[in-house]
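1. based on what follows, work out the 3D shape:
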Amino acid sequence: MPGTYEKNKFDIAGFAVGLVEQKKILNKNKVKENDLILAIPSSGLHSNGYSLVRNIIKRKNIPIYKNIFLKKELLKPTKIYVKEILSLINKKLINSCANITGGGLPDNIKRVIPSNLCAEIDLKKIKPLKIFKWLKKNGVRDLEMLKTFNCGVGFCLIINPRNLKKINKHFSKDYKPYVIGKISKNLKKIKLNGKIDWS
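-> This next block holds a predicted model:
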């Protein structure tokens, strides 16, 4: 993490351990063919890709203190989805889920897909936030965008299609989930179709 850890400085990190009842564990076996993949909007960068953002700011000599848009975006707290997800689990409305963090959509969704099934994602359906459009305009390639940033998708749900209408009432207006793909039969665990519209 260049620019974060400096000489003669140190970092203190903490962690938490949680317990879950066995019957509430979401495992890969619950994911079935024709399940839907829903995107829950992110609040912004979610703590990922800041080294690349700093690199762009330095390379393009952007006066960060005068840039109201960047100051606001780069200080936005990460949206945490725990209350909504626990509510969905308690009501047995989801088969699996994935937090979209480092590695982006491709690396995080494949972790929850069983062998012989594939997460087919239509990138055209993704709704990128302004900060990601700004990054794209500043020279970040599509592949790098998908691998480094959440691109506007903070969390993904995999659900039975019949539960789609029941899901939305668990989320506030800014974080309503929307369909970006489905589960199909394929040896590849993830298949990305189309391109994100950055306009």
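
2. and the strands in the protein?
-> Remark: strands assigned in the chain by DSSP state E are 36-41, 96-99, 117-122, 153-159, 178-185, 190-193.

3. rounded mean pLDDT for the fifth one, please.
-> Translated: strand 178-185. Strand 178-185 shows a mean pLDDT of 98.

4. swap in the fourth one?
-> Averaged over strand 153-159, pLDDT sits at 98.

5. what do you get for the last one?
-> pLDDT averaged over strand 190-193 equals 96, rounded to a whole number.

6. re earlier: can I get the strands of the chain in a markdown table including distance to Phe171 and mean neighbour count?
-> Where you see a C-beta, it was placed from the backbone N, CA and C, and this is true even at glycine. Shown next, in a markdown table, are these (distance: least, Cβ to Cβ, whole Å; neighbours: other Cβ atoms under 10 Å):
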| stretch | distance to Phe171 | mean neighbour count |
| --- | --- | --- |
| strand 36-41 | 7 | 23 |
| strand 96-99 | 13 | 20 |
| strand 117-122 | 20 | 21 |
| strand 153-159 | 10 | 25 |
| strand 178-185 | 10 | 17 |
| strand 190-193 | 24 | 15 |
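
7. may I see these organised as CSV, with distance to Arg141 added?
-> Converted to CSV, those look like this (distance: least, Cβ to Cβ, whole Å):
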stretch, distance to Arg141
strand 36-41, 21
strand 96-99, 23
strand 117-122, 18
strand 153-159, 18
strand 178-185, 21
strand 190-193, 14
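
8. of all those, which one is nearest Ile57?
-> strand 153-159 (22.9 Å; Cβ to Cβ).

9. just the CA coordinates of the closest one, formatted as PDB?
-> Written as PDB, here are the backbone C-alpha positions of strand 153-159 (Å, rounded to 0.1, in the frame of the first residue of the first chain):
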ATOM      1  CA  VAL A 153     -21.900  -3.000  -7.000                       C
ATOM      2  CA  GLY A 154     -21.100  -3.300  -3.300                       C
ATOM      3  CA  PHE A 155     -22.700  -6.700  -2.600                       C
ATOM      4  CA  CYS A 156     -24.300  -9.500  -4.700                       C
ATOM      5  CA  LEU A 157     -27.200 -11.800  -3.800                       C
ATOM      6  CA  ILE A 158     -28.000 -15.100  -5.400                       C
ATOM      7  CA  ILE A 159     -31.700 -15.900  -5.100                       C
END
